[in-house]
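# following is a predicted model, sequence given first.
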Amino acid sequence: MKGKKEIKELVKDRYGRIASNEDSCCSCCSCDTDPVEQAKSIGYSVQEIINIPEGSAMGLGCGNPTALAGLKSGETVLDLGSGGGVDVFLASRKVGEQGNVIGVDMTTGMVEKARENARKGNYTNVEFRAGEIENLPVEDCSIDVVMSNCVVNLSPDKFATFREVFRVLKPNGRILISDIVIEGELPGDVRRSLDAWTECIAGALEKQEYLNTITKAGFRDVTIVAEHSFYNPEMDDRIAGKVISVQVRAHK
């Protein structure tokens, strides 16, 4: 298996190609699924989708963190792995003009795409920064809420990611993370597969290990607020039923 640096470069290359439309296959869903239909299937409403810039929803998520984060007017929100900006734009409406939403993505093409979507939608309370989620370009204790949508599983160092999230959150700040976890054991060849890494499978932690990692990073009240089995018709029969989408809430 390749090291952490090689895995990051592989993921960056894959999502860079998706951003530039050179690769249409998305991360945790069927490649034949329309991005809007996929967004609806994981919890976004039609109204939400049609009220954000076209191209923001790219079919890359496994949940709708903005629906469960309890965002309030005036809050500062950080979205890890913001992609085309779908969750940033939805959050911007919830926090209002007095609030602010920051999206961070390590793929330059995604950051550029999201910034262009923001210009098209005339959003004034959002910004997109290039950076890695294990080393966030965000000040200490500056964020009220951290969200993420099917991204932490792509990190080769999840503990470092959650420690960074803890660092940037204000005291009593909270997280709402939608992600992929595993129940049971994955076959060894799947764990070693680089393609499975970029498809959100090989790097996914076992469910309890995932929750323990958040706790070890310093968080309290770590709770799964929603979960469901994640099915993809193209999925290897050996892992069907073991791949789970969870939405996790916790507090600093």
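Yep, that arrived.
# name the nearest residue to Thr223, sequence neighbours excluded.
Spatially, and ignoring its direct neighbours in sequence, Thr223 is nearest to Arg249 (5.3 Å; CB to CB, 6 or more residues apart in numbering). Bear in mind the C-beta positions are built from the backbone N, C-alpha and C, glycine included.
# in the helix or strand hosting that neighbour, what's buried?
Per DSSP states H and E: Arg249 is located in strand 243-251. For strand 243-251, burial by neighbour count (16 or more other CB atoms under 10 Å) applies to Val243, Ile244, Ser245, Val246, Gln247, Val248, Arg249, Ala250.
# and the second one, how far is that from His251?
Meaning Ile244. Here the criterion is CB to CB, to the nearest Å. By it, Ile244 lies 23 Å from His251.
# repeat that for Val151.
20 Å.
# related to what we said a few turns ago, out of the buried residues of strand 243-251, which is nearest to Ser82?
Gln247 (17.4 Å; CB to CB).
# that closest one and Val225 touch, don't they?
Yes: between Gln247 and Val225 there is a contact under CB atoms under 8 Å: 5.2 Å.
# tell me, what's touching the two both at once?
Leu68, Leu176 (CB atoms under 8 Å, 6 or more residues apart in numbering).
# give the contact list for the nearest residue to Gly121 once chain neighbours are set aside.
Spatially, and ignoring its direct neighbours in sequence, Gly121 is nearest to Pro53 (4.3 Å; CB to CB, 6+ apart). By CB under 8 Å, 6+ apart, the contact set of Pro53 is Gly85, Phe89, Asn117, Ala118, Lys120, Gly121.
# pLDDT at Pro53, what is it?
At Pro53, the pLDDT value in this model is 79.
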